[in-house]
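> pasting the structure only:
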């Protein structure tokens, strides 16, 4: 079973940047699509960004389009989320998850089989 570990979270001011990493071990990672999700206090977990197995195709939720960039380095078994122009509403616990397929499905919250433990991102105004 693959293990996913997120890192890179922290506290930054609005307008700042952070880069999250999702490192995989113990299983196959490079042949699967991967997604980033977030959950703010009192809210449901939501899709943020997804990337296919080669990194050639990406998808973003509307609130983060143009500000976040998802990428992957399969040689390092790592997926990244570069977050720019951060806003207080981006405050959440961010999770990475592996899909059971090569590509991100139409319903991005489905067909997931492994999750990381999450990393806290806090944006101050």
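Sure thing, it's come through. Nothing here was measured: the structure is a model prediction, and the numbers come from that model. Numbers count the residues shown, from 1 in each chain.
> Now residue 7: phi and psi?
phi -150, psi 170 (degrees, to the nearest 10).
> I'd say residue 125 and residue 88 touch.
Yes - at 4.7 Å, residue 125 and residue 88 qualify as touching, with contact defined as CB atoms under 8 Å. For the C-beta atoms, the positions are set from N, CA and C on the backbone; glycine is no exception.
> buried stuff in the worst-scoring helix or strand of the chain on mean pLDDT?
The least trusted helix or strand in the chain, going by mean pLDDT, DSSP states H and E, turns out to be strand 112-115, with a mean of 94. Buried residues in strand 112-115, counted by 16 or more other CB atoms under 10 Å: 112, 114.
> With stretch 67-86 instead?
Using 16+ other CB under 10 Å as the test for burial, stretch 67-86 gives 68, 69, 70, 72, 77, 78, 79, 80, 81, 83, 86.
> Now do the shared contacts for residue 125 and residue 88.
residue 14 (CB atoms under 8 Å, 6 or more residues apart in numbering).
> check which helix or strand covers the most centrally placed residue in the chain.
Closest to where the C-alpha atoms of the chain average out (CA atoms, centre = their mean) is residue 36, at 2.2 Å. If you go by DSSP states H and E, residue 36 is part of strand 34-39.
> now the end-to-end length of stretch 26-36.
One end of stretch 26-36 sits 20 Å from the other (CA to CA, to the nearest Å).
> Show me the contact partners of the helix or strand containing residue 95.
Using DSSP H and E, residue 95 maps to strand 92-99. For strand 92-99, contacts defined as CB under 8 Å, 6+ apart pick out 2, 4, 6, 9, 20, 22, 24, 29, 32-40, 43, 45, 48, 50, 79, 81, 105, 111-121.
> Let's test this: mean pLDDT of that strand, rounded?
Computed over strand 92-99, the mean pLDDT rounds to 98.
> now the angle between strand 34-39 and that strand, please.
150 degrees (axes from the mean of the first three to the mean of the last three CA atoms, to 10 degrees).
> in its sheet, what does strand 92-99 sit against?
With DSSP bridges as the test, strand 92-99 is paired with strand 34-39 (antiparallel), strand 112-115 (antiparallel), strand 119-124 (antiparallel).
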